[in-house]
Each structure stands twice: as C-alpha cells, then as structure tokens.
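Participant: Structure, please.
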Amino acid sequence: MPITLEVLSEQAQAAYAALDQELKIVADMQRSLLPRTLPSVPTIDLAVHYQSSHRAGGDYYDFFSLPGGKLGILLADASGHGAPATMMMAITHSIAHVYSGQSSGPSDLLNFLNRHLARRVSAENDSFVTAFYGIYDPARQSLQFANAGHPPPRLKRGGSGSLASLDTAGGLPLGVLGKEHYVDDTVELGQGDTIVFYTDGVTEATGVARPFFGVEGIDRVARESSGSAAELLAMLLRRLDRFTNSRPAEDDRTLLVARIVS
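Facilitator: Take a look at the predicted model:
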C-alpha cells in the first residue's frame, strides 16, 4: 500500500510528540537537580531566577551548607544547548555532590571538578563548563571565591554605590585542561553590599536598540535599586524583558542576587 502524504504527516507528528515528551522528562529531571528552596543564612538575603532556552538547559546553580555556618554558592554553565548541555550539567552536579572537602577553599572544589570532568569528557566533543564558586562567611561577612572561565559577578557597594567586578581569581573553564590550577581570592562585604551572579545568557541577550544587554544592563539596574535581593531581581527581569521585546531566550539565563543585610 502506498504511503500517502497524510500518513507521513501523521507519522511525523507522532514522532515529534514522542520526542517532545522525552525532552519534557529530561527537563523535569534536570530541574529536580536544582535547589528546591533558598537557604536561610544570617546576614545574607538571596533571590534566584532560572530560565532555560529549550526544554532542558545547561545552566546550573547550587548551594552548599558548610562547616561554621558558611554557605557555598555555585553558578555554572555547560557549553552548548539542549540535551547535551543538560547531560554536562548533570555530570557536574553529580561530581560536586561527591566532593568531601567541605572545609577547604573554593578553588579546591573547582580543581576537583576540573580533574574529573577532564577525564570523563572527550576533548573531541568540545564540551566544557564555566563555573564560579564562592563561600560566604556570615561571621566575617566575606566571600572567598574562585572562577573557572565564568562571567565574574558584579558587586555593588551599599555605601558608595560603586560597582566592581569579582574578576581577580580567574582560570580556564572546567574540563578544558586537567592540569589547570585554580586560585582563591576574598572580598570583604558590608551592609547593603549586593552581588549579582549571572550566566552569559543574560548579558548576551539581544535587543533592538542595542546589540546586547551586557554587563552595562545589569549595572544600570543595580544603580537604580536599593531594595531587597528579590526587588533587584524583579527589576532586572523586567528590564531584560523590555530590552528583548519579550522574545524567547536564545540561551539559558540564570540570575542570582545576594544582598548583605546586617
């Protein structure tokens, strides 16, 4: 019996529906790896937004309760889009959660992640992960941090309103070179200081009047906002939506705002 265009169309629709259902399951599994609630830590106010550009994405954020009441804040971005990036995100999550050196510095976690990713990810598929890991100490009100090729967070000082980049402890993305050695730096924080962590899907969002939202877009909003972490995050999302004219995201977007409250 000849196959008609109608039969081919029905088969294509069925195949698409099956694939879409599989991707929905992958997306649900990926989102289950993200924190369900924000941690409650003295002196720091947190707010987060996560948006994937496909059913599933490669952005990843996490929190770790550490000895001495400290809080680990991890933000990462797997290269690529869709299911392959989601797999890299899941691998990174798994490795991070078997790390046992909770009393060590941020660079030690990045070194650990890098060694394992470099061994497990083939260089031929050109996959890597950018990551920023900071450890907040509520007793000292300080953030110790290390960076593996990730866009450095923006720091707004509560007193002067000045803006700076936490870019003093950089290195290659994870999985690129197994022998890469990451280093730590520390920034002292005070009441009203605000840190905006982000992935490049935010700064590389395209607009009509200007080509990219950019770090400048984050800074403009940070200068205007003096409220809570949630208020700054909401303002950033409104401004980003206006800038992109509400177009769907072309890349995953993660924003995490941390504000020192006392």
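Participant: From Arg154, how far off is Arg220?
Facilitator: According to C-beta to C-beta, to the nearest Å, Arg220 and Arg154 sit 11 Å apart. Yep, even glycine has a C-beta here, placed from its N, CA and C like the rest.
Participant: who's more crowded, these two?
Facilitator: A direct count of neighbours by other C-beta atoms under 10 Å for Arg220 and Arg154 places Arg154 higher, at 19 against 16.
Participant: so who does that one touch?
Facilitator: 163-166, 195-196, 198, 215, 218-219, 222 (C-beta atoms under 8 Å, 6 or more residues apart in numbering).
Participant: before we move on, what about Leu172?
Facilitator: Leu172 neighbours (C-beta under 8 Å, 6+ apart): 148-149, 180.
Participant: top of these by neighbour count?
Facilitator: Ala148 (29 neighbours).
Participant: If that residue is in a bridge, with which residues?
Facilitator: Beta-bridge partners recorded for Ala148 (DSSP bridges): Ala131.
Participant: quick one: it and Leu174 touch, right?
Facilitator: Yes: with contact defined as C-beta atoms under 8 Å, Ala148 counts as touching Leu174 (4.9 Å).
Participant: Mutual contacts of these two, please.
Facilitator: With C-beta under 8 Å, 6+ apart, Ala148 and Leu174 have common neighbours 110, 113-114, 129-131.
Participant: Now list the buried members of those.
Facilitator: 110, 113-114, 129-131 (16 or more other C-beta atoms under 10 Å).
Participant: Tell me which residue is most central in the protein.
Facilitator: Centre of the chain computed as the mean C-alpha position; nearest residue by C-alpha atoms, centre = their mean is Leu75, 3.8 Å away.
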